[in-house]
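[1] Here is my input; please provide its structure:
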Amino acid sequence: MSAYTEHGKAADARAEKLIADEVLWNQSYLVDSILAADDLSACRAGQIGGHHEPLLFGWDDISGLLPVPEDMSIGELIAWCEDMGHGDESKELIEAEAMDEDELRDELETIVNDNAEPAEVYEWWLVSSWLSGQLENAGEVTLDSCGCHWWGRCTTGQAILLDGVMQDIICRLGWVESDAAAKDGEG
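    Take a look at the predicted model:
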């Protein structure tokens with residue numbers, strides 16, 4: 001068996017078990033239907049000037065749809081800018097000699113806030129409470145409501161194992177060392 005991700009065979013094997021034990025059911029239709037009903041309810045409330053309460057949960061209950069720049073380090077802010085095509089703007093800010101660290105942070109946070117787009121969730125998976133917390137810590141989209149915990153998967157058309165997020169969690173927890181980390185330690 002070859003490794004599915006850059007983390008290596010051991011992380012992939014542990015991730016397969018994690019997925020089997022902690023990822024329960026695909027509930028995309030259920031979650032999408034409730035969110036659509038919330039959209040309709042909000043629209044009707046706006047039309048009649050009434051107050052809107054979500055049916056069971058709404059878009060405001062979802063974590064991780066947008067980045068939270070206040071929770072990011074300056075390095076993470078710079079990486080986000082580069083990943084999203086705003087690297088030139090961040091470079092100009094870094095090279096500006098008159099700017100202190102707080103001003104740099106404020107400017108980078110503004111770039112993120114002005115340019116961030118919501119994550120596009122393709123699938124909603126019912127997961128364990130424990131895994132929901134781990135996914136949220138990993139920056140994934142999650143929804144916790146009504147005693148249930150869903151992961152908003154932003155990929156589709158491939159096995160969950162190929163996403164790599166489960167291996168990231170396993171390596172972060174120290175359950176196995178990724179092959180990439182082991183190679184870095186050898187150098």
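
[2] Work out for me the element residue 143 sits within.
    Assigned by DSSP states H and E, residue 143 falls within strand 141-145.

[3] right, and residue 74 touches residue 105 too?
    Yes - contact status for residue 74 versus residue 105: in contact at 5.8 Å, counting by C-beta atoms under 8 Å. Using the backbone N, CA and C atoms, a C-beta is placed for each residue, glycine as well.

[4] higher neighbour count, those two?
    residue 105 (18 against 14; other C-beta atoms under 10 Å).

[5] how near is that one to residue 175?
    34 Å (C-beta to C-beta, to the nearest Å).

[6] can you check residue 128 too?
    Residue 128 is 16 Å from residue 175, by C-beta to C-beta.

[7] cool, and residue 82?
    Residue 82 sits 30 Å away from residue 175, going by C-beta to C-beta.

[8] Give the closest residue to residue 132 in space, chain neighbours not counted.
    Closest residue to residue 132 apart from its sequence neighbours, by C-beta to C-beta, 6 or more residues apart in numbering: residue 149 at 3.6 Å.

[9] who's in contact with the nearest residue to residue 140 once chain neighbours are set aside?
    Ranked by C-beta to C-beta, 6+ apart and with sequence neighbours excluded, the top spatial neighbour of residue 140 is residue 64, at 5.7 Å. The contact partners of residue 64, by C-beta atoms under 8 Å, 6 or more residues apart in numbering, come to 119, 136, 139, 140, 141, 142, 152.
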